[in-house]
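Trainee: Fold the following for me, if possible:
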Amino acid sequence: MVKNILSEEIKQRSKILKKNLQKNGIDACIVIERVDFYYYTGTTVEGLLFIEPSKQPLLLIRKPVGRAEIESPLSHISYFHSMKEVPQIISRHSSRKIKTLGLELDVLPFSIYQRISELFNQAKIIDISPLIKEQRAVKSAYELKNMKQAFKIIKETLDFGQKALKPGMTEIEFSAILEGKARSLGHQGIMRMRRFNQETAFGHIVAGKNNNIPCTMESANGGTGPYPAIGQGAGFTKIKRNQPVMIDILGGYNGYLIDITRIFVIGKLDSKLMDAFNKTKKIMNGIKKLLKPGIDCRDIYQRGMEMAEDMGIKDQFMGPEKNQVDFLGHGLGLELDEIPVIMKNFSYILKENNTIAIEPKIFIPNKGMVGIENTYLVTKNGGRSLTSYPETVIEI
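Mentor: Numbering: from 1, shown residues only. From the prediction side, this is the model:
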């Protein structure tokens, strides 16, 4: 039954990509990047996918043998040992002369690009990554179902975390407890990002002023990490009473992600931190109302920054001074850093069923950071939360 549902899903995805290829005058494309490959095939084996508008997709596998036939609903599957065999296999599948060939140039390593260019030396190479990213930005009912299941795992994990958090625990101990619980509930463990040199794990569980330390990924909140080689998130600092514990974590189920941030505290936050937290909630609610089809992401970003300025927190907003990020939210689905992005210089007109994580956060010198984050579905009535969990500071 699951494979039948996936079969219809992938059939529709291929249909949209074929239409976009034709519309842009691209004869065919080769999809290699793992997440895109999974999106159009239903499997993550090592291989490549050949698509042209007039034919059924051709799945070419290097290894392992046999797994793709079990996982993928595609019917045209061939095997190869060397890239030099690929043009011949494709020519047996399609006799069409390829004058323009699409590749994912935003992520494709130069060595692979160069090899494909040599093998298809009569074809002009076109970047199809914008077409794929825009298609993936609009989620289907099947995808939303997986994202909702990812949140169910995180909801139960956060409930468990409220009982498990104790003073004297290190950040990394508490992070491990949360991740262990999530994995036992079916969390996928691996989280994917597209951007070069960006990586993440289960999330950032960071206490107190450790969030004042900028981390090594593009993120408002930071953390020391366990050591410089992993310079983000939880470290070995002990969690104390009356300090904010930021729990910024990812749910992951069947490839799909959700992103949520809540603040835990053992005891109570002081009035300055509580005031800052309440301001992030106001900004969140203001942005949520704007998440409608037809609204430009740049306008949403501008409105969020205007709200921060009106509240007198612009210099403390979205990261420590001199290390502030220039976005308020990001798309997500199979990857953490999908489009759309709520960013100053990112123009994108929102579409129904975009999914966006909105994450207003405020830095307080010598105290840490507070904030909130939800993953929203873009609807004609504004953002609908996919991460409905109490939007309060959670006192333990």
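
Trainee: Show me how this structure divides into domains.
Mentor: What automatic domain parsing lists as the domains of the chain is 2-18+25-135, 138-395.

Trainee: Centre of the chain to the shortest one, how far?
Mentor: Read it as domain 2-18+25-135. When distances are taken as CA atoms, centre = their mean, to the nearest Å, domain 2-18+25-135 is centred 22 Å away from the chain's centroid.

Trainee: Mean pLDDT and mean neighbour count added to the domains of the chain, as CSV?
Mentor: For the C-beta atoms, the positions are set from N, CA and C on the backbone; glycine is no exception. Compiled in CSV, the domains of the chain are given as follows (pLDDT from 0 to 100; neighbours: other CB atoms under 10 Å):
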stretch, mean pLDDT, mean neighbour count
domain 2-18+25-135, 94, 17
domain 138-395, 95, 19
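
Trainee: Confirm for me that M191 is in contact with I249.
Mentor: No: here M191 does not reach I249: they are 9.9 Å apart, not a contact under CB atoms under 8 Å.

Trainee: In the stretch 201-350 of the chain, mark out all the helices, start to finish.
Mentor: Assigned by DSSP state H, counting those that start in this stretch, the stretch 201-350 of the chain shows helices spanning 271-288, 297-310.

Trainee: other SSEs contacting the shortest one?
Mentor: So that's helix 297-310. Counting by 3 or more CB pairs under 8 Å, 6 or more residues apart in numbering; DSSP states H and E, the packing neighbours recorded for helix 297-310 are helix 271-288, strand 327-331, strand 338-343.

Trainee: for the ones you listed, which one sits closest to K99?
Mentor: strand 338-343 (28.8 Å; CB to CB).

Trainee: quick one: strands adjacent to the closest one?
Mentor: According to DSSP bridges, strand 338-343 forms sheet pairs with strand 327-331 (antiparallel).

Trainee: before we move on, the earlier item: indicate which one of the helices of the stretch 201-350 of the chain is closest to S14.
Mentor: Closest among those, using CB to CB: helix 297-310, at 27.9 Å.

Trainee: for that closest one, the distance to its chain's centre please.
Mentor: 22 Å.

Trainee: So what touches it?
Mentor: 279, 282-283, 286-287, 290-291, 314, 317, 327-329, 340-350, 360 (CB atoms under 8 Å, 6 or more residues apart in numbering).

Trainee: tilt between that helix and strand 327-331?
Mentor: 140 degrees (axes from the mean of the first three to the mean of the last three CA atoms, to 10 degrees).

Trainee: tilt between helix 297-310 and helix 271-288?
Mentor: Using the same axes, to 10 degrees: helix 297-310 against helix 271-288 is 150 degrees.

Trainee: Give the residues shared as contacts by M191 and I249.
Mentor: Here M191 and I249 have F202 as joint contacts, going by CB under 8 Å, 6+ apart.

Trainee: Pull up the gap between L60 and I51, please.
Mentor: 11 Å (CB to CB, to the nearest Å).

Trainee: Which helix or which strand is home to the residue lying farthest from the centre of the chain?
Mentor: No residue in the chain sits farther from the centre than S95, which is 38.0 Å out by CA atoms, centre = their mean. Here S95 is covered by no helix or strand, with elements defined by DSSP states H and E.

Trainee: before we move on, what about N374?
Mentor: In the assignment (DSSP H and E), N374 maps to strand 374-377.

Trainee: Strand partners (parallel or antiparallel) of that strand?
Mentor: The strands beside strand 374-377 in its sheet (DSSP bridges) come out as strand 355-358 (antiparallel), strand 384-385 (antiparallel).

Trainee: just the CA coordinates of it, formatted as CSV?
Mentor: Output of strand 374-377 as CSV, limited to C-alpha atoms (Å, rounded to 0.1, in the frame of the first residue of the first chain):
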residue,chain,number,x,y,z
ASN,A,374,7.4,26.8,14.7
THR,A,375,7.1,25.1,11.3
TYR,A,376,4.2,26.6,9.4
LEU,A,377,2.2,25.6,6.3
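
Trainee: Give me the residues contacting that strand.
Mentor: Strand 374-377 has contacts (CB under 8 Å, 6+ apart) with 139, 144, 147, 151, 258-260, 284, 288, 291, 332, 353-358, 383-387, 391.
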